[in-house]
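Chemist: Based on what follows, work out the 3D shape:
(one chain, ligands or ions: 1)
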Amino acid sequence: MDDQHNELSRRTILAGGAATAMIATASGTLAQPAARPPFVWGVAASAAQTESRQGRGRSNWDVFADTPGKISDGSTNARCTEFDLRYEQDLDLLKAAGVKAFRISTAWPRIQPDGPGKPSAAGLDLYSKMVDAMLARGIDPWVTLFHWDVPVWAGDFRDRDIAARMADYAGHVVAKLGDRVKHWIALNEPNSVALAGYIVGLHAPGIAELPAGLAAIHHQNLSIGLVTQAIRARASAGSLVGTTHNIAPVRPHTQSDADKKAASMFDALWNGAFLDPLFARGYPALLAPLMNPLVKPGDLTTIAVKPDFLGVNYYQRIYIKADAGPAGLALADSPANLEKTASFAVEPDGLTEVLVATRDRYGDTPLYITETGFALDDGPKWAGRINDARRQEYLDQYLAAAAAAKAKGVDLRGLFYWSATDNWEWADGFKKHFGLIAVDPATQRRGAKRSLATYGGHVRRHFPDATANVRKP
Ligand code: IFM
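Modeler: Next comes the predicted model:
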């Protein structure tokens, strides 16, 4: 808590963008470099990938996972890692490694299981206890309000009224936790939801139609606006409110005009469709003709929320080719020379690119890397400490890339590794292991990987001002 409160009071000093603090001394007034808040390092997870279904209402992802053939390993999200039941075990392991911040999400279907309005007291109490358990271990809770799980009663993003429903839910969570939670994130990766869930249909709700995808873009943007308002109305003084986007540099597969055109369209759909309106630029010119029929008077003002910080989720660049698909484009393979994890290519320099490009286009809003991580086959799990050396190497490379962006003047304030534990990776089920902590989904046994112990040391090497309590690798 001390670090957290110091950080908040230092931010108060910095409010208004002052670059120096004036310190009066007996001999006059000296300009001193302003104290920066320490670089935050933590881990991230989401409710829908870690919590069991116990005690909550049915969600869009329950429906999807229960549909045969949708999840590649045939698993469901019935138990995930039982974080709702076992969070103290995970928090103990994180504390032992000196981890100082944990980005979790709250499950809308747990807070409002059956319908709008009055929230579930048991649902709110669970998160209240979780937050207390984090604070008791010196771990600062960062809370995301929407990380993809929609209660079935609330419908889906083709309907613009879902934004008001989500804001109502968010208000209940902030009213309960706002005395202790100081960092709020409205939505996580609305682009993944719109593209994977509504345009290609590989995620819940499994729709594959461009018009549905466009509606999902606009109605999630509206949700960011209304949820941010709901948080600001109830959060305690000094709290900071942001939202998180998966931002990726987009490259054409070849230099053909068709591939370049497809890449520009994808860049507009993936990046610009969310970031441009958030930062008061409206929809990108390429998309505006498609989006305008959805935009009502006042929407663009609601969406342009001026976040206190922007969360950046980055894994790799995205390569695009022209195709007969819904938007005239398709994903292409990453270049063959790149190393690959089970989920993504390893492209640390793309992280520097994304951070610098975001600052250049959208200005000096403080940035946090709210996700980056590596899905690996970690080898034998339960015979001693899991020695995931490659994860440590990759993490070190990504941290170096983040530090390079900071050296170029980007106001980068922290990084959250995805993910705290191995978990349920959506349509990939339990096959992808991103965690710093291994979890066996059959037994729910936990085991810290070597990378958990060395994480803080890697951070410290690149960010000497990182929050305290860091062990050397
Ligand atoms: O697991 C996901 C997370 O839910 C959103 N960002 C990407 C992660 C890895 O695929």
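Chemist: Could you use CA atoms for every contact and neighbour count after this?
Modeler: Noted.
Chemist: Next, the buried residues of the longest helix belonging to the chain.
Modeler: Determined from DSSP state H, the single longest helix within the chain is helix 210-234. Neighbour-count burial for helix 210-234 flags 210, 212-232, 234 (criterion: 16 or more other C-alpha atoms under 10 Å).
Chemist: Also stretch 243-260?
Modeler: So stretch 243-260, judged by 16+ other C-alpha under 10 Å, has buried residues 243-253, 258-260.
Chemist: distance between the ends of that stretch?
Modeler: 29 Å (C-alpha to C-alpha, to the nearest Å).
Chemist: pLDDT on that stretch, on average?
Modeler: Stretch 243-260 shows a mean pLDDT of 98.
Chemist: Can you give me the distance of Leu367 to Gly311?
Modeler: 6 Å.
Chemist: So for those two, which residue has more residues nearby?
Modeler: Using other C-alpha atoms under 10 Å, the more surrounded residue of Leu367 and Gly311 is Gly311, with 25 against 22.
Chemist: State the three-state secondary structure for the more buried one.
Modeler: strand (DSSP: H, G, I helix; E, B strand; the rest coil).
Chemist: gap between it and Glu189?
Modeler: Taken as C-alpha to C-alpha, the span from Gly311 to Glu189 is 9 Å.
Chemist: try Phe344
Modeler: For Phe344, the distance to Glu189 (C-alpha to C-alpha) stands at 16 Å.
Chemist: Which secondary structure element of this structure has the lowest mean pLDDT?
Modeler: When the helices and strands of the chain are scored by mean pLDDT, DSSP states H and E, strand 20-25 comes last with a mean of 30.
Chemist: Who are the contact partners of Tyr127?
Modeler: By C-alpha atoms under 8 Å, 6 or more residues apart in numbering, the contact set of Tyr127 is 106, 177.
Chemist: check which helix or strand covers it.
Modeler: Secondary structure from DSSP states H and E places Tyr127 in helix 121-136.
Chemist: list the buried ones in that helix?
Modeler: 123-124, 126-128, 130-135.
Chemist: downstream neighbour of it in the secondary structure list?
Modeler: strand 140-146.
Chemist: elements contacting that next one?
Modeler: Using 3 or more C-alpha pairs under 8 Å, 6 or more residues apart in numbering; DSSP states H and E as the contact test, the elements touching strand 140-146 are strand 101-105, helix 121-136, strand 183-188.
Chemist: mind putting the ones you listed in a markdown table, mean pLDDT and distance to Asp73 included?
Modeler: Rendered in a markdown table, the data for the helices and strands packed on strand 140-146 read as follows (pLDDT from 0 to 100; distance: least, C-alpha to C-alpha, whole Å):
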| stretch | mean pLDDT | distance to Asp73 |
| --- | --- | --- |
| strand 101-105 | 98 | 25 |
| helix 121-136 | 98 | 30 |
| strand 183-188 | 99 | 25 |
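Chemist: Put together a markdown table for the ones you listed, with distance to Lys176 on each row.
Modeler: Below are the helices and strands packed on strand 140-146 laid out as a markdown table (distance: least, C-alpha to C-alpha, whole Å):
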| stretch | distance to Lys176 |
| --- | --- |
| strand 101-105 | 14 |
| helix 121-136 | 7 |
| strand 183-188 | 13 |
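Chemist: Would you tell me which of the ones you listed gets closest to Ala466?
Modeler: strand 101-105 (11.5 Å; C-alpha to C-alpha).
Chemist: ok, now how distant is the spatially closest residue to Asn271 that is not a sequence neighbour from Trp270?
Modeler: Spatial nearest neighbour of Asn271, excluding adjacent residues (C-alpha to C-alpha, 6 or more residues apart in numbering): Ile247 at 5.9 Å. According to C-alpha to C-alpha, Ile247 stands 8 Å off from Trp270.
Chemist: now swap in Val459 and tell me
Modeler: For Val459, the distance to Trp270 - C-alpha to C-alpha - is 29 Å.
Chemist: between those two, who's got more neighbours?
Modeler: Val459 (28 against 25).
Chemist: so which helix or strand takes in the more buried one?
Modeler: helix 450-462.
Chemist: buried sites along stretch 66-75?
Modeler: 70-71, 75.
Chemist: Make JSON lines out of the residues you listed and add secondary structure and pLDDT.
Modeler: Listed next are the buried residues of stretch 66-75 as JSON lines, based on DSSP: H, G, I helix; E, B strand; the rest coil; pLDDT from 0 to 100:
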{"residue": "Lys70", "secondary structure": "coil", "pLDDT": "98"}
{"residue": "Ile71", "secondary structure": "coil", "pLDDT": "98"}
{"residue": "Ser75", "secondary structure": "coil", "pLDDT": "98"}
